[in-house]
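Chemist: Generate coordinates for the sequence data below:
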Amino acid sequence: MRQIKELLRLKHEHRLSVRKIARSSGLPVSTVGDYLKRAQMAGLSWPLPEELTEEQLLARLLGNGVTQTTASPPAKGLPDWKEIHQELRRKGVTLQLLWNEYHQSHPEGYAYSRFCELYREWEGTLDPVLRQVHVPGQKMFVDWAGQTVPIHNPTDGTLSQGHLFVAVLGASNKTFAEAFPNEQLPCWIAGHVHAYAFYGGVASVTVPDNPKTAVVQACRYEPQLHRAYAEMAEHYGTVVLPARPRKPRDKAHVETGVQIAERHILAALRDQQFFSVGALNEAIIPLLARLNAKPFQKLEGSRDSWFETEEKARLLPLPATPFQLAVWSKAKANIDYHVVVDNHFYSVPYQLVHEQLEVRKTESTVEFFHQGKRVAAHPLSHQAGRASTLEEHRPKSHQKHLQWTPSRLIDWAAKTGPHCAKVVEEILRRQPHPEMGYRSCLGIINLGKGAGLERLEAACKRALHFQTCSYRSIKSILQGRLENQPIEEQLPLPSPSHENLRGGAYYDQSSKPSNPSTDS
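Modeler: Residues are numbered from 1 along each chain as shown. Reported below is the predicted structural model:
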């Protein structure tokens, strides 16, 4: 109608030709000529009378046929649209099947095309939250409400916001709502977990929007889900199908559910002050129960009754344990085959040194993955600077080294002979920590492989005599074949007498404490 009025204005006010009018309006020349001819036959010019409505204008241009087709036909056994609407919610039921059943009982009734038109007209009068038809148990829609609730800090008077998470089931429209301190990943996952527990089951499909906590990269055809979100969906056996970007009608249920939650819950709490998110959720619980129990305006029953009779039994069962959120990160294994997570060291197989690993941390465990395969798992530890090491992650040489203890080294040396055992004891005794002498002791024991146990025992005996218990000394004795040389006794050399030599007696006297009385 707007274009028809524009044609008349250009013709009578600007006196343009048919071709210029067609070029200006983007219509074919024949169409412009036809409408102008109809207007001339109907006696219409410009400006049009103000009292002339668009329907009257169309009737004068096209004749009486339009008014006859727009008039409502007389009722012919009008079907029960409420029953039709409810039957369509059952799996496999179509309008074609329902029309066949209707036509059997009303042979003179409406044709199939008119039957569908009348149903769509009746469906358009329903509450918007009930317009879409969904199979029971098939879809759950989730989203954050745009409206927030102020949370007052009683300590310092600061103000934060409570964010409302809303979930709506597709068939029964049963609504779940819970407040969280923010919209980050832990709260997003917790909202889903609590919603599944609230319904006592899981919908086959979960339909979110495209927040960064759910979708890492939004795409109409292949959206990339956040790894933790996809892991949660796998745990519950549901499929996440994000709505298309900038297509709110894909999740109209939750859009309307958010509006209803804001009107029936948040609006009712607008004059109350809350000092914690927990207190806000306590106030939400009775309002949410009242919302789900409220009867529908144009349909029989309520969200609760429809959920109990139609949808509850169609939901997937809950898993044995709730989902536990895991935080994923990346790290490299150090040269000591340990990975640092929150300042604690966790071991991985030594073959993965310098390899890029994926770290999955939960509230109780830390797991490491390499190329999608789990290679290590540890209980979560909060001891900063400490290490959690599994023996099988060490190289064989490290395992053998750590198996050595002072007593084991001494017992092994005793197999060579008592003097060898005493040398090992002496080396371990001299060190501040016994572990510092392990390498020296192992080196002495290994000398017996080349020189023989008898020669090693003799070399140890000579080293004990001269108090040179060390790996270098014993190796030198064996290389010089000095182990069988006679051991000469070290005789004390006589001290020459001289007036300038004080002797030991002098030092013994000087070491005694002086008399205080004589010093003064």
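Chemist: Quick one: the helices in the stretch 151-300 of the chain, in order.
Modeler: Ranges of helices within the stretch 151-300 of the chain are 185-199, 227-236, 252-261, 277-293, based on DSSP state H, counting those that start in this stretch.
Chemist: what helices or strands is the third one leaning on?
Modeler: Identification of packing neighbours for helix 252-261 by 3 or more Cβ pairs under 8 Å, 6 or more residues apart in numbering; DSSP states H and E yields strand 139-152, strand 159-169, strand 175-180. (Glycine included, C-beta is placed from N, CA and C.)
Chemist: Comparing those, which comes out most buried?
Modeler: strand 175-180 (a mean of 24; mean count of other Cβ atoms under 10 Å).
Chemist: before we move on, back to that, tabulate the helices of the stretch 151-300 of the chain (TSV), appending distance to residue 212.
Modeler: Below are the helices of the stretch 151-300 of the chain laid out as TSV (distance: least, Cβ to Cβ, whole Å):
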stretch	distance to residue 212
helix 185-199	9
helix 227-236	10
helix 252-261	18
helix 277-293	22
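Chemist: Pick the most buried one from these.
Modeler: Highest mean neighbour count among those (mean count of other Cβ under 10 Å): helix 252-261, with a mean of 22.
Chemist: In the protein, which residue is most central in space?
Modeler: Nearest to the geometric centre of the chain sits residue 228, at 2.4 Å (Cα atoms, centre = their mean).
Chemist: related to what we said a few turns ago, which of the helices and strands packed on helix 252-261 sits closest to residue 209?
Modeler: Closest to residue 209 of the helices and strands packed on helix 252-261 is strand 139-152 (Cβ to Cβ; 5.4 Å).
Chemist: could you check the angle helix 277-293 makes with the closest one?
Modeler: 140 degrees (axes from the mean of the first three to the mean of the last three Cα atoms, to 10 degrees).
Chemist: who does strand 139-152 touch, helix- and strand-wise?
Modeler: strand 159-169, helix 185-199, strand 205-207, helix 252-261, helix 277-293.
Chemist: ok so, going back, could you point out which of the helices of the stretch 151-300 of the chain sits nearest residue 95?
Modeler: Taking those one by one with Cβ to Cβ, helix 252-261 is closest: 20.5 Å.
Chemist: between that closest one and strand 159-169, what angle do the directions make?
Modeler: Using the same axes, to 10 degrees: helix 252-261 against strand 159-169 is 130 degrees.
Chemist: quick one: helix 252-261 to strand 175-180, angle?
Modeler: 70 degrees.
Chemist: Flag whichever of the helices of the stretch 151-300 of the chain has the least confidence on average.
Modeler: Confidence, taken as mean pLDDT, is least for helix 252-261 of the helices of the stretch 151-300 of the chain (a mean of 74).
Chemist: Alpha carbons only: can I get that helix in CSV?
Modeler: Extracted in CSV, the C-alpha atoms of helix 252-261 (Å, rounded to 0.1, in the frame of the first residue of the first chain):
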residue,chain,number,x,y,z
ALA,A,252,12.9,-17.8,22.4
HIS,A,253,11.9,-20.0,25.3
VAL,A,254,14.6,-18.8,27.6
GLU,A,255,14.4,-15.3,26.3
THR,A,256,10.7,-15.3,27.4
GLY,A,257,11.6,-17.3,30.5
VAL,A,258,14.1,-14.6,31.5
GLN,A,259,11.5,-11.9,31.1
ILE,A,260,9.0,-13.9,33.2
ALA,A,261,11.7,-14.5,35.9
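Chemist: Can you pull the phi/psi pair for residue 386?
Modeler: Backbone dihedrals for residue 386, given as degrees, to the nearest 10, come out at phi -100, psi 170.
Chemist: give me every residue that touches the residue nearest to it when sequence neighbours are not counted.
Modeler: In space, not counting the residues next to it along the chain, residue 386 is nearest to residue 344; the distance is 6.2 Å by Cβ to Cβ, 6 or more residues apart in numbering. Residues in contact with residue 344 (Cβ atoms under 8 Å, 6 or more residues apart in numbering) are 381-388.
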